[in-house]
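Asker: Predicted coordinates and the sequence they were generated for:
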Amino acid sequence: MQPPLVAPPLLLYDLPDVAVYAIYMLGAALLAVLTCRLVAPRLPLPEDKAHIDMAMRTTAAVVSALTLTLAFCAIQARTQLAEAQRVVSVEVSAIGGMARLADRIGPPGAALHAGLLAYLRSIAEQEFPTMADHGRHPETQRLAEAVEHAAYAAAAAGLSDVMAQDLLQQADDLDTAREERLRHAADGLPSAFWMLIRLLMLLLLATGALYPPKGHVLAMLGIQAAGVAALIAFVFLMDQPFRGTLSVSPAPYRTLIQGATHRAEVAAAVRRGLMVAQPPPSPGAARLAGDDPQPPRP
């Protein structure tokens, strides 16, 4: 999928938003000015009021069609971004549910919990940043298979039928969520949309040849093209939900790593008897009237 008018998309996605807007706007403004400056003098066009009115109507029609197309594309891109966020949330929820089950089953779930933490780190650090280009990461895939094997091993380690079924169901949900995320990794607007935007933008630039190449006309055409190009840059930044600065973040995976690590440490301490399930209130905590010690009876 190629964006219109400018450099390859992978280069632009690595740039800050301001740089992307600047490239689109300056490039479109320059093309509009050059089209009018170089092409208009070679066309035998009248400069009367009727011709200028016709040229402005033509430009307005093209601008209207282009802005409506961009508005529709922006809605589609926002829908794709929301769907990508939902997919990530579903996978994080599935991993978190399996981690909680691993804590509940005690020592048989220790290997499963360790595998889940390694799997989470591999997603956040290795697979997530590159999956839009390369799909599944080999190391993350290996860890995912190791988690599945650990889940089946834990289910066969003398668990109750209900607990074993819950664990195997969580393993299936985790695998389904992972495959769904990978399937959405390369999502983006269909190439037909970008082709339509490109054609309409070329028509808009072509209308510049209908105006006399005067200073104020060139300024008007440049500003108009820059404004439309800013809308195109906005759609481009939202086009692919797993690329660029407006993409889905791997932060939920990192948050889950911290929470699962802390929960495992607390559960292990409780099993060793180093902690109680309900810690005593801190000395500075508010006390209720019923918490005050009763005076000794005579």
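Answerer: Cool, the structure landed.

Asker: where along the chain do the helices fall?
Answerer: 9-13, 17-39, 49-104, 110-122, 131-134, 138-155, 161-183, 191-206, 215-239, 251-271 (DSSP state H).

Asker: now the third one and helix 138-155, what's the angle there?
Answerer: In this structure, helix 49-104 runs at an angle of 40 degrees to helix 138-155, with axes from the mean of the first three to the mean of the last three Cα atoms, to 10 degrees as the basis.

Asker: same for helix 49-104, what does it pack against?
Answerer: helix 110-122, helix 138-155, helix 161-183, helix 191-206, helix 215-239, helix 251-271 (3 or more Cβ pairs under 8 Å, 6 or more residues apart in numbering; DSSP states H and E). All C-beta atoms are positioned from the backbone trio N, CA, C, and that covers glycine.

Asker: Contact partners for Val90?
Answerer: Counting by Cβ atoms under 8 Å, 6 or more residues apart in numbering, Val90 touches 177, 180.

Asker: Please tell me how far Ala157 sits from Leu167.
Answerer: Separation of Ala157 from Leu167 (Cβ to Cβ, to the nearest Å): 10 Å.

Asker: Would you mind listing the residues touching both of the two?
Answerer: Contacts common to Ala157 and Leu167, judged by Cβ under 8 Å, 6+ apart, are Ile105.

Asker: still on that earlier bit, nearest to Thr245 among the helices of the chain would be which one?
Answerer: For Thr245, the closest of those is helix 17-39, at 5.5 Å, according to Cβ to Cβ.

Asker: got the buried residues for the closest one?
Answerer: 20-21, 23-25, 27-29, 31-33, 35-36 (16 or more other Cβ atoms under 10 Å).

Asker: Identify the residue nearest Leu203 in space, chain neighbours excluded?
Answerer: Nearest non-adjacent residue to Leu203, counting by Cβ to Cβ, 6 or more residues apart in numbering: Val62, 4.9 Å away.

Asker: Sorry, wrong one. I was asking about His113.
Answerer: Ala102 (4.1 Å).

Asker: shouldn't that neighbour be in contact with Gly109?
Answerer: Yes: between Ala102 and Gly109 there is a contact at 3.5 Å, judged by Cβ atoms under 8 Å.

Asker: Much appreciated, bye for now.
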